[in-house]
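1. here is my input, please return the structure:
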Amino acid sequence: MLLPSIFTKDLFDDFFEPRYHGYDRNQALMRTDVKETAQGYELSMDLPGVKKDDLKAELKDGYLTISATTSQNNDEKDTEGRYIRRERYYGTFNRSFYVGENVTQEEIKAKFENGILTLHVPKKDPVKQVDERKYIAIEG
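-> Numbering: from 1, shown residues only. Model (predicted):
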């Protein structure tokens with residue numbers, strides 16, 4: 001039996017939206033699994049309800065940032081056309097991952113299918129900077 005909770009964001013959430021064992025749909029946004037492979041890393045990101053056109057992936061200063069925009073409109077009417085419930089939701093979400101400064105955007109492969117964004121990021125060893133010593137000639 002579901003009872004209203006004072007700890008949710010809205011008192012009426014418990015009445016209109018089913019929760020299963022504490023599951024909240026807002027907690028499920030952009031959940032990411034990272035798997036290490038021999039060639040690199042595979043990121044699988046859950047993006048339910050997001051369209052491919054609403055996704056952006058950007059690589060800047062060694063950080064891979066995934067941005068998603070979503071909108072949802074739930075209109076329900078009774079038989080006489082009066083609103084029982086009317087909710088709208090619009091939001092932008094993003095997550096960033098450090099992939100290294102020597103990875104280029106051409107090396108990252110991305111695929112979006114069935115609400116799951118899969119990214120393949122190659123492993124690259126960090127470029128070690130050679131400590132160049134410059135000596136000053138001493139006359140004498």
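2. could you count how many residues lie near residue 71?
-> 12 (other C-beta atoms under 10 Å). Every residue, glycine included, has its C-beta placed from N, CA and C.
3. now it: closest residue in space, sequence neighbours ignored.
-> residue 90 (4.6 Å; C-beta to C-beta, 6 or more residues apart in numbering).
4. and for that neighbour, the neighbour number?
-> 9.
5. residues contacting it?
-> 69, 70, 71, 72 (C-beta atoms under 8 Å, 6 or more residues apart in numbering).
6. how about the helices of the chain, start to end?
-> Secondary structure of the chain (DSSP state H): helices at 13-16.
7. for it, give me the ranges with low pLDDT.
-> 1-29, 73-79, 81, 83-86, 126-127, 129 (pLDDT under 70).
8. residue ranges of the strands in this structure, please?
-> Using DSSP state E, the strands of the chain run over 32-36, 40-46, 55-60, 63-77, 83-98, 109-113, 116-122.
9. turn those into CSV, columns for distance to residue 135.
-> Below are these laid out as CSV (distance: least, C-beta to C-beta, whole Å):
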stretch, distance to residue 135
strand 32-36, 43
strand 40-46, 41
strand 55-60, 38
strand 63-77, 38
strand 83-98, 37
strand 109-113, 46
strand 116-122, 39
